[in-house]
Every structure is written in structure tokens, then in C-alpha cells.
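Student: Just a sequence and a predicted model for now, questions to come.
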Amino acid sequence: LLIAYLAAVFAVLPSSAPKQGGIAVLCYHDLQPVAKNDMTNTPSNFEAHLKWLKGKGYKTLSVDELVAILKKKQAPPPKSIVLTFDDGYQGVYTYAYPALKKYGFKATLFLVTSVMGDESPPMPHLTWPEIEQMDREDVIRAEVHAEKLHVKLGERLKAELSNGEPSTDIEHDLQNARVEIQNHTHRPVHSIAWPFGDYTTDLIHLAAKEGYYAMLNTEYGLNYPGDSVVKIKRLRMSSKYDTLARFEQKLAHYGIR
Ligand SMILES: [Zn+2]
């Protein structure tokens, strides 16, 4: 599995020197002292990443700030990075939130709204009061991953369209998740991170119709001014494979030092 993972990661690493001015968006999931799966990071590993970024002079951007830079409405500040979390696990409140405050960083959280408040093991989710608190303090802003459809939406929409079925289930999911988060945060919500990074052009159009203007996937790479704001790339981070040494190595491949 390690070999397969590294092969996948390094297959997409640029062979020549990366161009300047690219912004990395890091994608984390849960933080737990004992990682339950490859997508979980340990709090100490996560904090080592933050400490490294702080030491190198990096500052965190919100997704909206990134969008303004990609649309060339704002110049990219030097040493900018975006931190994101998918799914909405309890470890984000317990571990990421205090660590981010300690280093003066902020992050964006992509929620599966229908399971918020489900604190059952092995991977308990956040509660709405926790989400509201982190959002209000502008430490971790809540955006959309899904309402109920935490599935490969691109594939699902493709199947529905080829069957001639209307895509109302996906439309409703996109609507409901956004409305629910807005009801809790009392501010507009316009960003979505595709579940499993799976999307199609039709899905982008559908989400745009539902009011989303920033869409993030899990394709490896940096984001440059002029790039599409509906195809924002991210670098996935796992504890098992992104120890501090590997983290540094991975970022260095993209010119982030
Ligand atoms: Zn997910």
C-alpha cells in the first residue's frame, strides 16, 4: 500500500522546477492520537506541520481569499497556504482548533451536514455548537462537503443522466447542506469540496446553479492566479505517509520551502 501510495503521489509530481506563485491547499481529515486509517493524522504530526509552516513564514488564507487571488482580484501574498479538513470529525475541535490558535493560523472545514452531532465511535463527528464556535472565531470556517450524499457525486450524476433520471437528489443535497451551514453560521456559504474528489463538468454546472462558486477537488498540484476557481487542487495529508520529513519532501517538490 505504501508503494502504491508513493507511486501515485510521485507520478503526479512535476519533473521540472515548478513555476512561482502557486498556492498549496492542504487536505486533512481527522486528527486522533492513534490514527484509525490512512486519512487520519496524529495531533503531534499535524502540529509539526504547523510549526514548520510558521517557522518558514507561511500565512494561512481562507478559501475566499484564495478565490480572489485566482481571479486576480488580489495579489498573492508571499508564502501563502490554505489548510482544509474534510468530513467534520471531532478531532478537528479537540486537536486542530487549539493548535491553529496557537500558531495564529486559520482553516476551512468541509462538512457532511447530516452526520454532524453523531459522536459515536470509531470516528465521532463534530457538534453544531462546536462548529459555530470555531466559525464565529474565524479559526475554522465551515463550508460544504455534502448533506447526505458523501459519495462519488460525479459518477452518480453521470449514471443518473445516462438513465435519463432527473438529478434532483444531488440538487437537494447541494441545497440543503449549504442552507443548513448558513443557518448555523449566519453568513453566506459558497464553497464545496467534492466527496472523494470526484466531479464532472455537469456536476460543476449543477453546483454553480445552486450558488457555489468555489469548488475543490483532490487532484495534486498548486493553484495559480488565473486558474479556475471551480477546479481548486489540493495536497492530501496522511499521518502514516506524511511524517514531517515526508511533508517537507512533498512540499519541496512543489517549490514550497
Ligand atoms: Zn469525505
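Tutor: Structure received. Numbering: from 1, shown residues only.
Student: For residue 231, which residues are in contact?
Tutor: Each residue near residue 231 by Cβ atoms under 8 Å, 6 or more residues apart in numbering is listed here: 204, 215, 217, 219. Glycine gets a C-beta too; all of them are placed from N, C-alpha and C.
Student: shouldn't the first one be in contact with residue 229?
Tutor: No. Taking Cβ atoms under 8 Å as the definition, residue 204 is not a contact partner of residue 229, at 10.5 Å.
Student: Please enumerate the shared neighbours of those two.
Tutor: Contact criterion Cβ under 8 Å, 6+ apart; residues shared by residue 204 and residue 229: residue 215.
Student: so which of the contacts of residue 231 comes closest to the ion?
Tutor: residue 217 (11.8 Å; Cβ to the ion).
Student: Can you tell me the closest non-neighbouring residue to the closest one?
Tutor: Leaving aside its chain neighbours, residue 217 sits nearest to residue 197 (4.6 Å; criterion: Cβ to Cβ, 6 or more residues apart in numbering).
Student: Equivalent analysis for residue 192, please.
Tutor: Using Cβ to Cβ, 6+ apart, the closest residue to residue 192 is residue 144 (4.4 Å).
Student: hmm, back to that, who are the neighbours in contact with the residue nearest to residue 217?
Tutor: Neighbour list for residue 197: 217-219, 234 [criterion: Cβ under 8 Å, 6+ apart].
Student: at 7 Å instead, please
Tutor: 217-219 (Cβ atoms under 7 Å, 6 or more residues apart in numbering).
Student: And these, which of them are buried?
Tutor: 217-218 (16 or more other Cβ atoms under 10 Å).
Student: okay, the contacts of residue 197 in a markdown table with distance to the ion, pLDDT and secondary structure next?
Tutor: Below are those laid out as a markdown table (distance: Cβ to the ion, whole Å; pLDDT from 0 to 100; DSSP: H, G, I helix; E, B strand; the rest coil):
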| residue | distance to the ion | pLDDT | secondary structure |
| --- | --- | --- | --- |
| 217 | 12 | 98 | coil |
| 218 | 9 | 95 | coil |
| 219 | 15 | 96 | coil |
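Student: Which helix or strand contains the nearest residue to residue 243 once chain neighbours are set aside?
Tutor: Take residue 243 and drop its neighbours on the chain: the residue closest to it by Cβ to Cβ, 6+ apart is residue 45, 6.5 Å away. Following DSSP states H and E, one finds residue 45 within helix 43-55.
Student: How far away from the center of its chain is that helix?
Tutor: Taking the mean of its C-alpha atoms, helix 43-55 sits 17 Å from the chain's own mean (Cα atoms, centre = their mean, to the nearest Å).
Student: is it true that residue 172 lies in a strand?
Tutor: No. Per DSSP: H, G, I helix; E, B strand; the rest coil, residue 172 lies outside any strand segment and is helix.
Student: Just the pLDDT for it.
Tutor: Residue 172 is assigned 97 on the pLDDT scale.
Student: Phi first, then psi, for the nearest residue to it once chain neighbours are set aside.
Tutor: Closest residue in space to residue 172, ignoring its immediate chain neighbours: residue 147 at 7.6 Å, by Cβ to Cβ, 6+ apart. For residue 147, the backbone dihedrals (degrees, to the nearest 10) come out as phi -90, psi -80.
Student: Residue of the stretch 151-257 of the chain closest to the ion, please.
Tutor: Residue nearest to the ion within the stretch 151-257 of the chain: residue 195 (4.9 Å; Cβ to the ion).
Student: show me what contacts the closest residue to residue 236 other than its chain neighbours?
Tutor: Closest residue to residue 236 apart from its sequence neighbours, by Cβ to Cβ, 6+ apart: residue 27 at 4.8 Å. Neighbour list for residue 27: 84, 86, 218, 234-237 [criterion: Cβ under 7 Å, 6+ apart].
Student: Show me what residue 27 bridges to in the sheet.
Tutor: Taking DSSP bridges as the rule, residue 27 bridges to residue 84, residue 236.
Student: tell me the pLDDT at the closest residue to residue 90 other than its chain neighbours?
Tutor: Distance criterion Cβ to Cβ, 6+ apart; nearest residue to residue 90, sequence neighbours excluded, is residue 124 at 4.1 Å. At residue 124, the model reports a pLDDT of 94.
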